[in-house]
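A.B. asks: Provide a 3D model corresponding to the input given below.
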Amino acid sequence: EVQLVESGGALVQAGGSLRLSCATSGFTFDDYAIGWFRQVPGKEREVVACISTSENSTDYADSLKGRFTISVDSAKRTVYLQMNSLKPEDTAVYYCAAKQLGSEKYDYWGRGTQVTVSS
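C.D. replies: Here you go, the predicted model:
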């Protein structure tokens, strides 16, 4: 069974930092790219960042470059999202998802973790 489990969400003050984790299981890790997304109620889900360990590549939403960093521990099958200089507008539910390399569609999703940034 494929599983992606997010953790690390919390309430934090503006200017603070958080590190989210996405623990994965049930699929061949090196054959997939892992992405982080976020969604605010009433708004469309937006991509935050993605990483492919086998292709040694990362990509970020332009608006988040410099504040957010995606990384991976392949031995633990876990992908991290380090978020610094957090702003109230970063408040959202953050999801991780997996897609096969070369595919545009994310096949597997976690349930999300809430990040709330207070002003």
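A.B. asks: can we go C-alpha only for contacts and neighbour counts from here?
C.D. replies: Fine.
A.B. asks: Contact partners for the most centrally placed residue in the chain?
C.D. replies: Closest residue to the average C-alpha location of the chain: residue 36 at 2.5 Å, with CA atoms, centre = their mean. Counting by CA atoms under 8 Å, 6 or more residues apart in numbering, residue 36 touches 47, 48, 49, 50, 81, 94, 95, 96, 97.
A.B. asks: quick one: pLDDT of it?
C.D. replies: In the predicted model, residue 36 carries a pLDDT score of 98.
A.B. asks: Mind checking what secondary structure it has?
C.D. replies: Residue 36 falls in the strand class when you classify it by DSSP: H, G, I helix; E, B strand; the rest coil.
A.B. asks: follow-up on the earlier one: which ones among the contacts of residue 36 map onto strands?
C.D. replies: Restricting the contacts of residue 36 to those inside strands, with DSSP state E as the criterion, leaves 47, 48, 49, 50, 81, 94, 95, 96, 97.
A.B. asks: Need the nearest residue in space to the third one, chain neighbours excluded.
C.D. replies: In space, and not counting its chain neighbours, residue 49 is closest to residue 60: 4.2 Å by CA to CA, 6 or more residues apart in numbering.
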